[in-house]
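Peer 1: just a sequence and a predicted model for now, questions to come.
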Amino acid sequence: ARNDLNCETRSHRGDEIHGEIFWLAELRSEEEARLVTELCMLLRGIYAPIAHGSSLQDTVHLATELAKTRSPQLEPCISGAGDQSFKVFVHAFGHKLSHDEQLERIHAFKEPLMALRGPVRMKSPAHKLQIFEDAFPIRGHRVQRREPSDIFVRQVFLCREIAECKGGELAQKYSLKTRRYIGTTSMDAELSFLMCNMALLRPGRSLVLDPFVGTGGIIVAAAGRGAHVVGTEIDARSLRGYGWNQLPSDVNVYSNFEQYGLPLPVAFVLGDAVNHSPWRTHTGSSKGSKDYGSWLDAILTDPPYGLRESVRMSHDSASGSHGGTVRIGVSDTIHALVRFAGAHLVRGGRLVYWLPCTPEFEPHELPTHSALKLISYGVQPLTKRLHRRLIVMEKYRPSAASSYSETASEQSRAVYTPEIPRSFTNLSALIMRQEQRREDRLPRVPHAVADGTPHSALRSPNGATRDTLSNAATG
């Protein structure tokens, strides 16, 4: 999106722009800036800088000089027809300002403010001027309390507000606190919309799948962005809702769509989509490089972590009948998800998923795919011992797993997984001290070791198939 908007970061002449809070960018027009604020979830707003300095005195001096010369930065507030009323706001970052201290900051800008031709209006002004005082600590949010003597103001801005972001309004509208149907792992509304933005959804054109849909929190946000949504779930109780947290019988996975007046999902599929896909990965009758079987514009999901509940996959017995579910490791689930995305995403489609991990995470531990490239892996610290990463991957070429000419063994080798992804393996043992739930003892899914074995068989660490494993070993 940054390239599409022609945004370029730059430093203010003569001063350092600190990156913890402020990002200085260039957009083509103010109208484009307003369009950005309608989508962004993590921005507070977009503001046109008038003056900037390393202290309040420097910023006031620069603003005074600009007012005398009728600088273009002040032109929208000085000239032009129509309402030119204004109001001044003061915001401090890294410390608090009392009401009297805020008035002192405003009075300091008395001379440049007197150059504005409009009156002061406290309600619905035409221009909102913002004074930003940045005393954010270098160590960020780790500093909980600071003495007044420790506060160091690094920079001060005088800005004109172009638009405030709508993310807060969306997060409040779709808040889990007022949602009819939620579960213990329902995704926060703000994070769900953030995932939609990372997937570059197009209203009315994007088809989105959540293969671990649960109560549908992520696809509710996708539907709110105008996408067509599909969900799959291995546990029927999450879909039908009856008996879940003692809910009424008429509350189920469809209830949230009805609550917000959203179009109902295209389909909900009961089953294990990533390990036993109900969709074909190729069609047609001739070989070639065309990307057969690709139909999804985005896959947005929050896979099970194995902390509250074990990670499971459906299992077919030796006779071919459904054999229930069996516990598998988190790394096998992520591997299967990446393989599924490589087979079913269209070119340019994106896989966006959350990955639980320890603070020692390294990007080389992630499963890679021959048709997918890694875009980003942002971090969200949950506790000192547990983080989670928002992984974004994009399909940039046809996949071996969706090409008609590939064999099953070649499809398996399209995905590479490091042997021991230590940062997201055995989380129950590392985080919750539950040694009995270590994943080392679990049977491995064969495609995770790329040997071309059919999906219906599982292999234990000593080579035995799933049918010979004891119930204790499978969880």
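Peer 2: Alright, I've got the coordinates.
Peer 1: run a quick neighbour tally on the nearest residue to L345 once chain neighbours are set aside.
Peer 2: For L345, ignoring the flanking residues on the chain, the nearest one in space by Cβ to Cβ, 6 or more residues apart in numbering is K395 at 4.3 Å. Where C-beta positions appear, they are placed from N, C-alpha and C, glycine not excepted. For K395, the neighbour count with other Cβ atoms under 10 Å is 26.
Peer 1: any idea what K395 is bridged to?
Peer 2: L372 (DSSP bridges).
Peer 1: scan this protein for its longest helix.
Peer 2: helix 330-344 (DSSP state H).
Peer 1: mind saving the C-alpha coords of it as CSV?
Peer 2: The C-alpha trace of helix 330-344 is given here as CSV (Å, rounded to 0.1, in the frame of the first residue of the first chain):
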residue,chain,number,x,y,z
VAL,A,330,2.1,-26.5,16.2
SER,A,331,5.0,-26.6,13.7
ASP,A,332,3.1,-29.3,11.7
THR,A,333,0.0,-27.1,11.7
ILE,A,334,1.9,-24.1,10.4
HIS,A,335,3.6,-26.2,7.8
ALA,A,336,0.3,-27.5,6.5
LEU,A,337,-1.2,-24.0,6.5
VAL,A,338,1.7,-22.7,4.4
ARG,A,339,1.4,-25.6,2.0
PHE,A,340,-2.4,-25.1,1.7
ALA,A,341,-1.8,-21.4,1.0
GLY,A,342,0.7,-22.1,-1.8
ALA,A,343,-1.8,-24.4,-3.5
HIS,A,344,-5.0,-22.3,-3.2
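Peer 1: so F89 makes contact with F132?
Peer 2: No - using Cβ atoms under 8 Å, F89 and F132 do not qualify as a contacting pair, with a distance of 9.3 Å.
Peer 1: what about these two, which has more around it?
Peer 2: Higher neighbour count among F89 and F132: F132, with 20 against 13, using other Cβ under 10 Å.
Peer 1: report the contact partners of that one.
Peer 2: By Cβ atoms under 8 Å, 6 or more residues apart in numbering, the contact list for F132 reads 22, 91, 93, 156-157, 159.
Peer 1: and P125, by the same measure?
Peer 2: Contacts of P125 (Cβ under 8 Å, 6+ apart): 85-87.
Peer 1: tell me how far the residue in the chain sticking out farthest from the centre lies from A108.
Peer 2: Note on the chain: the largest separation between a C-alpha and the mean C-alpha position, by Cα atoms, centre = their mean, falls on K68 (45.6 Å). Relative to A108, K68 is positioned 17 Å away (Cβ to Cβ, to the nearest Å).
Peer 1: got it, and A223?
Peer 2: Applying Cβ to Cβ, one obtains 49 Å for the distance of A223 from A108.
Peer 1: more neighbours: these two, which one.
Peer 2: Relative neighbour count places A223 above the other of A223 and A108, with 21 against 17, counting by other Cβ under 10 Å.
Peer 1: how near is that one to F212?
Peer 2: Distance of A223 to F212, computed by Cβ to Cβ: 17 Å.
Peer 1: mind pulling up the pLDDT for the closest residue to L27 other than its chain neighbours?
Peer 2: Taking Cβ to Cβ, 6+ apart, and ignoring the residues beside it in sequence, L27 has A33 as its nearest neighbour in space, at 5.0 Å. If you check A33, the pLDDT there is 92.
Peer 1: just K166 next, same as before
Peer 2: 85.
Peer 1: go ahead and confirm it touches T37.
Peer 2: Yes - the criterion here is Cβ under 8 Å, and K166 meets it with T37 at 6.2 Å.
Peer 1: which residues of the chain score low on pLDDT?
Peer 2: Low-confidence regions of the chain, defined here as pLDDT under 70, cover residues 1-20, 80-82, 137-150, 242-249, 281-293, 307-310, 315-323, 400-420, 432-475.
Peer 1: quick test: name the residue nearest the centre of it.
Peer 2: M195 (3.4 Å).
Peer 1: pull the contacting residues for that residue.
Peer 2: If you count contacts by Cβ under 8 Å, 6+ apart, then M195 has 187, 218, 221, 300, 352, 390 around it.
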